[in-house]
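**Student:** model this:
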Amino acid sequence: MSRTTVFRTALVAGAAATALLLSGCVAGENQPAEAVAEGDSLEGQALNIDFATYNPLSLIIKDQGWLEDEGLEVTWVQSAGSNKANEALRAGAIDVGSTAGSAALLARANGSPIKTIDIYSQPEWSAIVAGQGSEIDEVADLEGKTVAATKGTDPYFFLLQTLEAEGLSPDDITVENLQHADGWAALQNGAVDAWAGLDPIMAGAEEAGATLIYRNVDFNSYGFLNATESFLEEKPALAQAVVDAYERARAWAAENPEETAAILAEVAGLDESIASKVILERSNLDVDPVPGDAQVALLEKIGPVFVELGDVASQDQVDEALATLIDDSYVTQADPERFAK
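**Tutor:** This is a model prediction of the structure:
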């Protein structure tokens, strides 16, 4: 596998960002992107964009250097979870970031000015995980137990939906708010009884002997690519280039599944067999990239949970976020061939 470009990588963290944990990202009416004149150059423009192990398309774009080939000055910022991507978007540290759909809705409902411009996957990336040798075999066994989850992310919302479906409530457990990797570490050392897991870390946990005690693909929301409203307003041609790169990456992944898994394995520090499982069995990158009714219908089920738990002040805020979430104008005119080599 070739590595042709050297990238600058920044990690988003810090106490200031932590205060934004449940703030978010969503927006967008279907207003058309501004037309770009033939021959317009992106040479020298700056782009701050995230990459994440839960978003394989971002890893491909970073690896292949397509955006840099356009003459862009790209700063790649790693997102450790949807909550971190949302923090970075709201703080202006990145222009484009990848989250789960549930996290995007939560963010937008709490005032983060972003729009969803592409769907990068329809994954089964969350499940409830028990450690090797655990006596926890089913969701009912979680009553009175401590469960690690990253609030503001899909595994957290997966946990809430799971509890409701199985006749429990959040009051029946103790949620330990830990970042995804820390949740797995806590499960291993016995600090928690279970973990609301996220791939690819979860796939590695399975290989290490952990058990997925509850799976439900319908409780996983889609992978949302989000951009700040200011970025879309000020740099529509650059936003179009990002979406074009994502659609080229989607085709590249379909053509090169083994190399896609190898890229994930390298970035995530996984064995290639585990990375292959994530890519081939639980990612579904070949999804309709245009955000629309399917995503809204799913989020309509999740939104009331935010209000019930006090994560969003009112249902009106959720409804407004849903109504302004999507901007499909970039992906509907995407040109992945601009990056074909």
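**Student:** hang on, residue 242 packs against residue 48?
**Tutor:** No: using Cβ atoms under 8 Å, residue 242 is not in contact with residue 48; the gap is 11.0 Å. (Each C-beta comes from the backbone N, C-alpha and C, glycine too.)
**Student:** quick one: buried residues of stretch 215-225?
**Tutor:** The neighbour-count check on stretch 215-225 (16 or more other Cβ atoms under 10 Å) flags 219, 220, 221, 222, 223, 224, 225 as buried.
**Student:** Skipping adjacent residues, who's closest to the fourth one in space?
**Tutor:** Right, residue 222. Sequence neighbours aside, residue 101 is the residue nearest to residue 222 in space, at 4.7 Å (criterion: Cβ to Cβ, 6 or more residues apart in numbering).
**Student:** Quick one: residues contacting the one you found.
**Tutor:** 116, 154, 221, 222, 223, 224, 295, 298, 299 (Cβ atoms under 8 Å, 6 or more residues apart in numbering).
**Student:** now do 10 Å
**Tutor:** 26, 82, 116, 119, 122, 154, 157, 220-224, 226, 291, 295-296, 298-299, 302, 325 (Cβ atoms under 10 Å, 6 or more residues apart in numbering).
**Student:** Please determine how far it is located from residue 238.
**Tutor:** Distance from residue 101 to residue 238, counting by Cβ to Cβ, to the nearest Å: 24 Å.
**Student:** just residue 324 next, same as before
**Tutor:** Going from residue 324 to residue 238 by Cβ to Cβ gives 22 Å.
**Student:** who's more crowded, those two?
**Tutor:** Looking at residue 324 and residue 238 with other Cβ atoms under 10 Å, you find the greater number of neighbours at residue 238, namely 22 against 16.
**Student:** Please, which helix or strand holds that one?
**Tutor:** Assigning secondary structure by DSSP states H and E places residue 238 in helix 236-255.
**Student:** What is that helix packed up against?
**Tutor:** Helix 236-255 sits against strand 46-51, helix 56-64, helix 66-69, strand 96-100, strand 114-121, strand 223-228, helix 229-234, helix 257-268, with contacts defined as 3 or more Cβ pairs under 10 Å, 6 or more residues apart in numbering; DSSP states H and E.
**Student:** 6 Å - rerun?
**Tutor:** Applying 3 or more Cβ pairs under 6 Å, 6 or more residues apart in numbering; DSSP states H and E, one finds that helix 236-255 makes contact with helix 56-64, strand 114-121.
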